[in-house]
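Asker: What follows is a predicted structure for the sequence shown.
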Amino acid sequence: MQPASTRGGGGGDTLESGGYNRDTSYKPMFFGVAIKITLMLVVVGTTLLILNQSSYPLEFFRSHNSFSGPSSENSNVDSSSFHQHTSRIPPSSPAKDENIELEKTLRRAAMKDNKTVIITNLNAAWTEPNSVFDLFLESFKIGNGTAHLLDHLVVYAYDKTAFERCKTAVRLHCYAVTTEGVDFSGEAYFMSEDYLKMTWRKIDLMRSVLELGYDFVYTDADVMWFRNPFKKFYADGDFEMSCDYYRGNYNDLSNTANTGLTYVKSNDRTIELYKFWYNAREYFPGRHDQDVLNMIKGNPFVHQIGLEFRFVDTAYFGGFCEPTKDLDEVITMHANCCIGIPNKMHDLTMLIDDWKRYMAIPPSNRNSTTRSWTVPRICG
Ligand SMILES: *[C@@H]1O[C@H](CO)[C@@H](O)[C@H](O)[C@H]1NC(C)=O
Ligand SMILES: *[C@@H]1O[C@H](CO)[C@@H](O)[C@H](O)[C@H]1NC(C)=O
Ligand SMILES: *[C@@H]1O[C@H](CO)[C@@H](O)[C@H](O)[C@H]1NC(C)=O
């Protein structure tokens, strides 16, 4: 295998890190929603019977009245429920101190009116000069009405190199993610044990963010931001996400979830979902967060907590799987359906160039050609 930080040679095979790879080819094969749900319930039920241990989500299956999670209004996270929640698992979770640190970061970064932050992931492999992370930051700067959003960007830095890279950008809010017993520096191969730990650590942190009362937009760093997404998000949604392929209906669960761009409001439903999602990893060992979300998105639990998944249309939130056709409409573009950093870099660089060309033409002179991409070329 080749270290993720090596971008030069043919590195298209499996190297990925930081949760950036959202290629559909890694999606597990399933025969249908019904089988999926049944299997899940059987597995969950059996495992829990064996364990015979009182823990989330078993509690849910026993009783529907277990919504005692801290409310979104309450910034004082109940650390006892926090520990209870993680106690069965080797503690990948922070102590209270770390939550205090996280809260400080969120407070500095949040939009003042509505406690909203934008969060992305960074590790050493993505910090090289002319990296995907640089293109990510550039997209905000050249986007239409996106530059100010950088003031609200929180960077989860998974190692020292990433943290230092983040610190060199004055406007960013850097948060050092630590995980007991894991060294995330650089070589977290896609789907390796450390890679998986990293993605699950992220999900765990997101729950903390929600418990602290902050709404967030999570974005992979290979999502380019060209317009302000808040105008197109559903104002009353709990949990919205992009998808690789959009089937025409915002609440159709057969939209293939792509968690590379996710907008989540802090409330009891979303906090419960994140606990459920995090714990579900134990029942689907070896899967990353996005796979597991696709497996649990139709679970009765989700319905019972009253949460509705919503998918945002690729007509605005596109990617290399299904590009947004019209640059007049595009909000974000994701380097999904693309494996390997060199390939991503290639097509993302073209994408950025397309956008610059488009922006350089006065709106009245734009035509169907200047409003189209020249990508995907290698990806897609
Ligand atoms: C939150 O407030 C910011 C301005 O501080 C605004 O741009 C953004 O649209 C708001 N988001 C929502 C969901 O209202
Ligand atoms: C930016 O967006 C606004 C509408 O929000 C539009 O009027 C303006 O022409 C856009 N600027 C460019 C350069 O496309
Ligand atoms: C679109 O505009 C570009 C530059 O403004 C021009 O070169 C091109 O011929 C136009 N294409 C069409 C189909 O009008």
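Answerer: Sure, I can see it. Ligands and ions are numbered 1, 2, ... in the order given.

Asker: what's the residue of the stretch 101-250 of the chain found nearest ligand 3 in contact with, if anything?
Answerer: Nearest residue of the stretch 101-250 of the chain to ligand 3: Asn144, at 18.3 Å (CB to the nearest ligand atom). Where C-beta positions appear, they are placed from N, C-alpha and C, glycine not excepted. Shown in contact with Asn144 (CB atoms under 8 Å, 6 or more residues apart in numbering): 226-227, 359.

Asker: Ligand 1 contacts on the stretch 1-150 of the chain?
Answerer: 111-114, 116 (CB under 6 Å from any ligand atom).

Asker: Quick check: of the contacts of Asn144, which lies closest to Gly306?
Answerer: Distance to Gly306 across the contacts of Asn144 (CB to CB) is lowest for Arg227, with 30.9 Å.

Asker: What sits closest to the closest one if chain neighbours are left out?
Answerer: Ile331 (4.5 Å; CB to CB, 6 or more residues apart in numbering).

Asker: burial count for that neighbour?
Answerer: For Ile331, the count of nearby residues is 26 (other CB atoms under 10 Å).

Asker: How about the contacts made by it?
Answerer: 225-229, 232, 316-317, 324.

Asker: From those, list the buried ones, please.
Answerer: 225-227, 229, 232, 316-317, 324 (16 or more other CB atoms under 10 Å).

Asker: Inside strands: which ones of those residues?
Answerer: 225, 317 (DSSP state E).

Asker: can you tell me which of the buried ones among the contacts of Ile331 lies nearest to Met206?
Answerer: Nearest to Met206 among these, with distances taken as CB to CB, is Pro229, at 17.6 Å.

Asker: Please, where are all the helices along the stretch 51-200 of the chain?
Answerer: Using DSSP state H, counting those that start in this stretch, the helices of the stretch 51-200 of the chain run over residues 58-62, 79-86, 96-109, 132-142, 160-168, 193-211.

Asker: can you put these in a markdown table and add mean pLDDT, mean neighbour count and distance to ligand 3?
Answerer: Compiled in a markdown table, the helices of the stretch 51-200 of the chain are given as follows (pLDDT from 0 to 100; neighbours: other CB atoms under 10 Å; distance: least, CB to the nearest ligand atom, whole Å):
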| stretch | mean pLDDT | mean neighbour count | distance to ligand 3 |
| --- | --- | --- | --- |
| helix 58-62 | 32 | 16 | 57 |
| helix 79-86 | 30 | 15 | 57 |
| helix 96-109 | 90 | 16 | 40 |
| helix 132-142 | 96 | 19 | 19 |
| helix 160-168 | 91 | 18 | 38 |
| helix 193-211 | 90 | 22 | 43 |
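
Asker: Need the ones you listed in CSV (columns: distance to Asn279).
Answerer: Listed next are the helices of the stretch 51-200 of the chain as CSV, based on distance: least, CB to CB, whole Å:
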stretch, distance to Asn279
helix 58-62, 9
helix 79-86, 8
helix 96-109, 19
helix 132-142, 31
helix 160-168, 27
helix 193-211, 10
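
Asker: out of the ones you listed, which comes closest to ligand 2?
Answerer: For the helices of the stretch 51-200 of the chain, the distance to ligand 2 is smallest for helix 132-142, at 10.0 Å, taking CB to the nearest ligand atom.

Asker: So is the closest one next to ligand 2?
Answerer: No: judged by CB under 6 Å from any ligand atom, helix 132-142 stays clear of ligand 2, getting no closer than 10.0 Å.

Asker: gap between stretch 285-305 and the chain center?
Answerer: For stretch 285-305, the separation from the chain centroid amounts to 14 Å (computed by CA atoms, centre = their mean, to the nearest Å).

Asker: any idea how far ligand 1 is from the nearest residue to Tyr316 once chain neighbours are set aside?
Answerer: Distances taken as CB to CB, 6+ apart put Ile331 closest to Tyr316, at 4.5 Å, once the chain neighbours are dropped. Look at Ile331 and ligand 1: by CB to the nearest ligand atom, to the nearest Å, they are 13 Å apart.
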